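J.: Kindly return the folded structure for what I paste below:
(one chain, ligands or ions: 1)
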Amino acid sequence: MSAEAVGIESVGFYVPRYFVDMRRLAAARGADPDKYVHGLGQHKMCVAPPDEDVVTMGASAAHLALRDVDESEIDSVFFATESGVDQSKAAAIYVHRLLGLPSACKTVEFKQACASSTVALLAARALVASGMDRKVLVVAADVARYELGSPGEPTQGAGAVALVVSRQPRIMSLEEGHGAHTEDVMDFWRPNYRREALVDGKYSIKVYIRSLCEAWKRYHAATGRAFADHQRFCYHLPFTRMAEKAHAHLVVTATGKHAAREEMGRHIDAGLVYNREIGNTYTASLYIALCSLLENEELPASGRIGMFAYGSGCLGIFFSGLLTAGYREFLHREEHLRQLRERTELSVAEYERMYHFRLPEDGRRFEVPVHRTGPFRLAGVENHQRIYEGTRPRVRPDTQSQHPVAAETTC
Ligand code: COA
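T.: As a prediction, the model looks like this:
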């Protein structure tokens with residue numbers, strides 16, 4: 001690792017404790033299960049219970065990512081989401097308090113659909129490289145939500161990821177140079193008055209691919225790196241088959257040739273394992289895919305990973321990273337596998353009940369029923385304020401709300 005290297009010191013993700021099986025969902029919707037499982041490439045989707053939101057999921061991911069990191073050196077917390085809980089206050093501030101981070105921190109929320117986490121990561125890299133910040137905590141969390149029974153429904157999911165960016169990139173250094181592509185399109189959007197996204201799904205796939213090809217060309221022109229200089233590729237995954245479609249186009253754009261399915265599989269398959277079990281997590285999706293790649297395959301030190309972020313609306317960014325020798329030692333593989341393994345399956349009726357849950361909007365005091373969560377939960381609301389609480393002793397007493405932790409109930 002060069003003395004100047006800046007990149008990912010630590011990465012951890014968090015997923016809610018509930019899931020729906022895609023075959024069961026297909027049966028309930030009168031669809032062929034093979035369409036969801038093979039056509040979309042999704043086996044399960046995580047469901048956030050009423051006492052989880054982007055703050056609790058983001059704080060839980062950050063709690064894991066900060067496990068072996070000197071928290072006193074965190075100078076900024078960047079929070080990327082398109083499921084924000086407030087139009088004004090950054091979710092980063094809640095996470096900052098729940099984790100007891102230094103008050104000298106800068107805290108901000110980023111938005112541009114699923115791509116804002118990557119803008120946050122590249123901004124973090126620049127801040128650390130400039131010497132302004134020592135470490136930046138980048139958190140990305142989302143709840144992917146479409147209309148029940150719509151084509152988008154089987155591509156829902158929920159989860160969060162947290163990355164620490166510093167001059168000790170124990171996992172991956174982030175290389176200089178990227179390619180971006182912005183275009184004003186209406187492929188996916190969510191007006192302020194709606195809880196569910198509006199989406200022109202087929203069009204969004206086309207724009208995703210066009211953005212990938214344009215961003216790649218600019219990345220290649222800026223860095224001189226060729227397709228063959230990359231060992232593996234990681235994609236934003238609204239559903240895992242998207243990576244297959246995208247990669248086939250990238251191969252042709254970058255090399256002028258078609259690649260065999262087997263060769264393409266070597267490039268992308270390890271990165272699809274977790275997302276297939278979790279579903280879409282919007283801003284977190286690309287970095288959960290990175291965890292999947294690094295934890296399901298052993299790659300050589302200095303192996304270059306090509307990364308593509310896509311955010312509808314739209315923004316595409318292609319960039320790359322170099323793996324650090326010994327990176328596997330610093331991954332949270334066991335904890336990630338434990339989370340995935342220990343989830344509770346919901347029936348479709350239970351999932352629909354959670355889907356329809358709404359917090360009161362009149363400011364009255366309301367305690368949210370207790371479900372299985374990670375180290376943080378949304379305890380309730382009062383005077384239009386969200387009240388968060390820790391569920392485990394590590395959380396400092398001043399971060400606890402007055403709400404007792406009750407036994408698990410259903411909503
Ligand atoms: N067995 C196996 N595969 C099957 C199948 C079956 N019985 N029935 C359908 N399929 C395949 C289709 O051939 C298609 O694969 P292909 O794209 O390689 O041809 C795939 O399953 C999806 O089928 P399709 O009819 O296109 O699905 P849809 O009209 O329900 O929409 C999305 C799919 C992705 C557009 C929809 O889920 C969506 O809008 N998602 C949200 C937006 C999104 O994720 N956008 C991506 C870019 S950000």
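
J.: the helices in the stretch 151-300 of the chain, which residues?
T.: Applying DSSP state H, counting those that start in this stretch to the stretch 151-300 of the chain gives helices spanning 201-223, 241-255, 261-268, 273-278, 285-296.

J.: Might you enumerate the residues of the protein proximal to the ligand?
T.: Residues of the chain found near the ligand (Cβ under 6 Å from any ligand atom) are 32, 34-35, 38-40, 151-152, 155, 199, 201-202, 204-205, 208, 238-239, 242, 310, 312. Any C-beta I mention is one placed from the backbone N, CA and C, and that applies to glycine too.

J.: Show me which of those are buried.
T.: Neighbour-count burial (16 or more other Cβ atoms under 10 Å) is assigned, among those, to Leu40, Gly152, Thr155, Val199, Ser204, Ile205, Tyr208, Pro238, Phe239, Met242, Tyr310, Ser312.

J.: could you dump these to TSV with pLDDT and distance to Arg353?
T.: Shown next, in TSV, are those (pLDDT from 0 to 100; distance: Cβ to Cβ, whole Å):
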residue	pLDDT	distance to Arg353
Leu40	98	24
Gly152	97	20
Thr155	98	21
Val199	97	24
Ser204	98	29
Ile205	98	31
Tyr208	98	33
Pro238	98	25
Phe239	98	24
Met242	98	29
Tyr310	98	32
Ser312	98	29
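
J.: Mind listing what's buried along the worst-scoring helix or strand of the chain on mean pLDDT?
T.: When the helices and strands of the chain are scored by mean pLDDT, DSSP states H and E, helix 261-268 comes last with a mean of 94. Residues Met264, His267, Ile268 are the ones in helix 261-268 that count as buried (16+ other Cβ under 10 Å).

J.: now that helix and helix 285-296, what's the angle there?
T.: 100 degrees (axes from the mean of the first three to the mean of the last three Cα atoms, to 10 degrees).

J.: Give me the distance between Phe319 and Cys291.
T.: 17 Å (Cβ to Cβ, to the nearest Å).

J.: nope, Val20 is what I meant
T.: Counting by Cβ to Cβ, the gap from Val20 to Cys291 is 22 Å.

J.: quick one: low-confidence parts of this protein?
T.: Low-confidence segments of the chain (pLDDT under 70): 1-3, 393-411.

J.: centroid residue for it?
T.: By Cα atoms, centre = their mean, the chain has its centre lying nearest to Ala284, at 0.7 Å.

J.: List the contacts of it.
T.: Residues near Ala284 by Cβ atoms under 8 Å, 6 or more residues apart in numbering: Phe13, Ala61, Ser117, Ala140, Ala141, Asp142, Gly159, Ala160, Val161.

J.: I'd say the third one and Ala309 touch.
T.: Right, the one you point to is Ser117. Yes - here Ser117 reaches Ala309: they are 7.2 Å apart, a contact under Cβ atoms under 8 Å.

J.: how far out from the middle of the chain is the helix or strand harbouring Ala309?
T.: Element membership for Ala309 (DSSP states H and E) is strand 304-311. From the chain centre to the centre of strand 304-311 is a distance of 13 Å (Cα atoms, centre = their mean, to the nearest Å).

J.: related to what we said a few turns ago, what would the contacts of Ala284 look like in JSON lines with neighbour count?
T.: Listed next are the contacts of Ala284 as JSON lines, based on neighbours: other Cβ atoms under 10 Å:
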{"residue": "Phe13", "neighbour count": "30"}
{"residue": "Ala61", "neighbour count": "29"}
{"residue": "Ser117", "neighbour count": "31"}
{"residue": "Ala140", "neighbour count": "34"}
{"residue": "Ala141", "neighbour count": "36"}
{"residue": "Asp142", "neighbour count": "29"}
{"residue": "Gly159", "neighbour count": "33"}
{"residue": "Ala160", "neighbour count": "37"}
{"residue": "Val161", "neighbour count": "32"}
